[in-house]
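Enquirer: give me the fold of what follows.
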Amino acid sequence: MYVVRVTRQRKINDMVSKLLEWYPEHARDLPWRKRNEPYGVFVSEIMLQQTQVKTVIRYWQRWMEVLPDVESLASASADLIHKLWEGLGYYTRVRNMQKAAQIIVSKHEANFPQLLMKCWRCRESADIQLEPFAALRSTSRVRFWTVT
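Expert: Numbering: from 1, shown residues only. Predicted coordinates:
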């Protein structure tokens, strides 16, 4: 049993190393990857649910001009977030994204939480999928964002 686990872990480690070598050269050039912070990735992941990347790029850029941080999203009017979201459909996503932002601002001082279990509490409260933004790429290694 121990040998199987070690062998499996080595394969996983090897795959991760190869992916980290491949990524800098082959990754798509997407605006949310350039910011290297959780809010931009958070917004992109919610927008990307049920929507193509090529469509999301311009919506994301406009969104970030108007609501550049989690505090601005948390305090934005429903009319504003719906106007910015117009054309993406599934408006429940944007309402739930704002609920999650309000939780992050009120309970975590506008910092994306650092513990995975805390992320799940936000998810339960706001009923949205937060785990995709859990991995952000920095220049040399993958940074894991765990949430409250």
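Enquirer: show me how far stretch 71-78 is from its chain's centre.
Expert: Here the centre of stretch 71-78 is set off from its chain's centre by 17 Å, with Cα atoms, centre = their mean, to the nearest Å.
Enquirer: residues making contact with that stretch?
Expert: Residues outside stretch 71-78 that contact it (Cβ atoms under 8 Å, 6 or more residues apart in numbering) are 39, 43, 66-67, 81, 95, 97-98, 101-102, 104-106, 110. Glycine gets a C-beta too; all of them are placed from N, C-alpha and C.
Enquirer: now list the buried members of those.
Expert: Buried by 16 or more other Cβ atoms under 10 Å: 39, 43, 67, 81, 95, 97-98, 101-102, 104-105, out of the contacts of stretch 71-78.
Enquirer: farthest-apart pair in those residues, please.
Expert: The most widely separated members of those, counting by Cβ to Cβ, are 39 and 95 (17.4 Å).
Enquirer: may I see the buried residues of stretch 55-68?
Expert: For stretch 55-68, by 16+ other Cβ under 10 Å, it's 56, 59-60, 63-64, 67.
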